[in-house]
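S.K.: would you be able to build a 3D model of this:
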Amino acid sequence: MGGAKKPMTVNLEQVAKQKKIKYFLISFVDYFGVLRAKLVPTSAITQMQRDGAGFAAFAAWLDSTPAHPDMLVMPDVNSLIQLPWKPEVGWLAGDCWMDGNPMMDTPRLVLKNQIKKAANQGYHMQTGVEAEYFIINEDGSNISDLRDTQSKPCYDQTALMRRYEVVAEICDSMEKLGWAPYQNDHEDANGQFEMNFHYSDALTSSDRHVFFKFMVKSIAEKHGLRATFMPKPFEHLTGNGCHTHVSVWNKSKKKNLFEDPKDELGMSKLSYNFLGGVIKSAASLSSIFNPTVNSYKRLNAGTTVSGATWSPNSITFGGNNRTTMARIPGPGRFELRMMDGSANPYLMQAAILMAGLEGIKSKRSPGKRYDVDMFAESSNIKGIEKLPLNLLDAIRLTEKDKIVRDGLGETFVESYTKLKMQEWLDYARHLSQWERDNTLDC
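M.R.: Residues are numbered from 1 along each chain as shown. Sure thing, here's the model as predicted:
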């Protein structure tokens with residue numbers, strides 16, 4: 001069995017003794033965003049750090065077969081997080097290897113490859129993620145707080161405080177981890193919440209995003225509840241977005257290359273080129289940004305109870321305008337609003353960076369800026385490209401797009417779209433109650 005055989009710069013066994021860690025979760029994320037792990041006792045961590053933890057890649061959503069050799073996941077010591085609610089356990093993000101070589105088409109390595117490309121050009125992307133979630137009952141049939149019934153529940157202090165124990169424990173955990181959380185709120189849907197923490201480099205943000213989802217679910221379960229990041233868990237309520245704030249800095253991370261005080265919005269030419277690349281590839285990247293069947297029930301939703309879906313329906317940008325796909329809320333950054341809670345944290349960031357680098361290279365313009373209500377006006381404006389209506393259309397756009405294939409790699413795109421097409425076909429074979437209600441007597 002060929003391991004990665006990487007030199008050990010930090011001895012995890014010694015770290016475990018210092019921090020009183022009994023077990024390590026050595027983890028990876030597959031194409032579908034599922035967090036996989038093995039629980040390793042501290043007594044075996046030195047071997048795992050040297051050789052990797054063994055997995056059968058076919059058992060996860062990766063493009064592999066039962067005939068492939070073991071996949072070995074090499075823990076990244078820089079990603080170590082001690083579980084705040086169970087401190088005897090340490091979590092480690094890992095990179096996937098097979099036959100002594102890194103599996104470059106696996107999500108974390110796809111992102112690291114884009115980061116390397118950016119670094120070679122003197123660029124360093126920093127991102128902040130806003131991952132919305134619902135706190136629901138255990139069987140998922142309803143929100144957990146049946147008194148949370150306002151038609152406009154956003155920022156509702158009373159409803160927020162009824163879930164104080166869960167929200168506070170999550171926020172306290174982020175404080176302990178040094179993530180610098182700075183605000184927690186009840187979001188636009190009944191039972192929905194959002195917690196904001198400080199931005200970081202793309203890889204750190206992705207590792208934290210992965211862990212955040214795991215942490216929120218775990219702490220909710222500890223309180224006898226359940227948390228979901230599903231894009232649209234309830235038909236009548238606003239869905240779960242995963243808005244991402246993006247900026248690009250120089251190699252030393254001391255200068256924000258997106259900022260220009262001479263511009264009306266405080267944005268540089270480089271930032272507009274980067275945004276132009278994202279806008280150019282947005283539709284073709286929808287299968288990554290919005291990767292589930294359910295995603296398109298959020299993107300293309302009708303008016304919700306609160307009066308707005310808060311998800312984009314067109315590929316546009318604007319100033320401080322939450323109805324466009326990309327919003328420029330202030331100097332030196334833009335917010336991309338199309339992604340949802342099912343997005344793979346690593347692939348999402350990799351796709352943003354890939355598209356942005358292509359935009360810089362091609363000197364792309366983001367097009368016309370829109371400061372009108374796009375929810376109300378987009379159907380009256382000619383020439384605006386729309387986002388895909390369903391996952392099948394999104395997969396087909398990804399599959400045939402040359403920019404995406406060149407940027408993310410032929411083999412990754414082939415593997416990803418193949419597995420996503422299998423998922424679509426599995427969904428297409430499913431008979432819904434709607435079909436029976438409307439077609440049984442045709």
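S.K.: going forward, measure contacts between C-alpha atoms and count neighbours the same way
M.R.: Noted.
S.K.: confirm that A301 sits in a strand.
M.R.: No. Under DSSP: H, G, I helix; E, B strand; the rest coil, A301 sits outside any strand and is assigned coil.
S.K.: contacts only, for G318.
M.R.: T324, A326, R327, I328, R369, Y370, D371 (Cα atoms under 8 Å, 6 or more residues apart in numbering).
S.K.: ok, of those, which come out buried?
M.R.: By neighbour count, with 16 or more other Cα atoms under 10 Å, these hold T324, A326, R327, I328, Y370, D371 as buried.
S.K.: strands - which of the residues you listed land there?
M.R.: Among the buried ones among the contacts of G318, the ones falling in strands (DSSP state E) are A326, R327, I328.
S.K.: possible to save the residues you listed as JSON lines with distance to I115 and pLDDT?
M.R.: Compiled in JSON lines, those are given as follows (distance: Cα to Cα, whole Å; pLDDT from 0 to 100):
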{"residue": "A326", "distance to I115": "22", "pLDDT": "98"}
{"residue": "R327", "distance to I115": "23", "pLDDT": "97"}
{"residue": "I328", "distance to I115": "23", "pLDDT": "98"}
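S.K.: just name the closest of these to S271, please.
M.R.: Checking these against S271 with Cα to Cα, the nearest one is I328 at 10.6 Å.
S.K.: with T106 as the reference, measure out to the closest one.
M.R.: Distance, I328 to T106, by Cα to Cα, to the nearest Å: 32 Å.
S.K.: for the lengthiest helix in the chain, packing partners?
M.R.: Determined from DSSP state H, the single longest helix within the chain is helix 202-222. Contacting helix 202-222 under the criterion 3 or more Cα pairs under 8 Å, 6 or more residues apart in numbering; DSSP states H and E are the following elements: helix 107-120, strand 124-131, helix 164-177, strand 226-228, helix 345-362.
S.K.: what's the nearest residue to the residue most central in space within the chain if we skip its chain neighbours?
M.R.: Nearest to the mean C-alpha position of the chain, counting by Cα atoms, centre = their mean, stands P345 at 3.3 Å. Once flanking residues are discounted, P345 sits nearest to S206: 5.2 Å by Cα to Cα, 6 or more residues apart in numbering.
S.K.: counting neighbours, what do you get for that neighbour?
M.R.: Look at S206: counted by other Cα atoms under 10 Å, it has 24 neighbours.
S.K.: how about the contacts made by it?
M.R.: Contacts of S206 by Cα under 8 Å, 6+ apart are P345, Y346, Q349.
S.K.: repeat for C96
M.R.: Applying Cα under 8 Å, 6+ apart, we find C96 in contact with F28, M71, L72, V73, M74, P102, M103, T106, L109.
S.K.: tell me what the fifth one is bridged to.
M.R.: In this case it means M74. Residues in a beta bridge with M74, per DSSP bridges, are D95.
S.K.: I'd like the contacts of G318 laid out as CSV, including distance to G239.
M.R.: Supplementary listing: the contacts of G318 in CSV, determined by distance: Cα to Cα, whole Å:
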residue, distance to G239
T324, 16
A326, 18
R327, 18
I328, 22
R369, 26
Y370, 23
D371, 23
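S.K.: nearest to I403, of the residues you listed?
M.R.: A326 (19.9 Å).
S.K.: what residues are bridge-paired with that closest one?
M.R.: F317, L336.
S.K.: which one of the buried ones among the contacts of G318 is nearest to S43?
M.R.: The closest of the buried ones among the contacts of G318 to S43 turns out to be A326 (Cα to Cα; 48.5 Å).
S.K.: how far away is the closest residue to I352 other than its chain neighbours from E410?
M.R.: Excluding its sequence neighbours, the residue lying closest to I352 (Cα to Cα, 6+ apart) is V278, at 6.5 Å. Noted for V278: a distance of 19 Å to E410, by Cα to Cα.
S.K.: same question for N11.
M.R.: 37 Å.
S.K.: before we move on, what about K116?
M.R.: As for K116, its distance to E410 is 18 Å (criterion: Cα to Cα).
S.K.: and for F229?
M.R.: Counting by Cα to Cα, the separation of F229 from E410 is 30 Å.
S.K.: who has more neighbours out of the two?
M.R.: For F229 versus E410, neighbours defined as other Cα under 10 Å are more numerous around F229 (23 against 15).
S.K.: so the more buried one touches N240, yeah?
M.R.: Yes. Using Cα atoms under 8 Å as the test, F229 is close enough to N240 to be in contact (6.1 Å).
S.K.: which residues are in contact with both of these two?
M.R.: What both F229 and N240 touch, as defined by Cα under 8 Å, 6+ apart, is the set A131, E132, Y133, F134, G341.
S.K.: for L265, which non-adjacent residue is closest in space?
M.R.: P331 (5.9 Å).
S.K.: C96 now?
M.R.: Per Cα to Cα, 6+ apart, closest to C96 is V73, 4.5 Å.
S.K.: quick one, what contacts the residue lying closest to C171 once chain neighbours are set aside?
M.R.: Spatial nearest neighbour of C171, excluding adjacent residues (Cα to Cα, 6+ apart): P181 at 6.6 Å. By Cα under 8 Å, 6+ apart, the contact set of P181 is C171, M174, E175, M195, N196, F197, H198.
S.K.: list only buried entries from those residues.
M.R.: Buried members of the contacts of P181, counted by 16+ other Cα under 10 Å: C171, M174, M195, N196, F197.
S.K.: please report phi then psi for the last one.
M.R.: So that's F197. Main-chain torsions, F197, degrees, to the nearest 10: phi -130, psi 170.
S.K.: got a list of what it touches?
M.R.: F197 is in contact with G128, V129, M174, W179, A180, P181, Y182, Q183, counting by Cα under 8 Å, 6+ apart.
S.K.: would JSON lines of these with pLDDT be doable?
M.R.: Below are the contacts of F197 laid out as JSON lines (pLDDT from 0 to 100):
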{"residue": "G128", "pLDDT": "98"}
{"residue": "V129", "pLDDT": "98"}
{"residue": "M174", "pLDDT": "98"}
{"residue": "W179", "pLDDT": "98"}
{"residue": "A180", "pLDDT": "98"}
{"residue": "P181", "pLDDT": "98"}
{"residue": "Y182", "pLDDT": "97"}
{"residue": "Q183", "pLDDT": "97"}
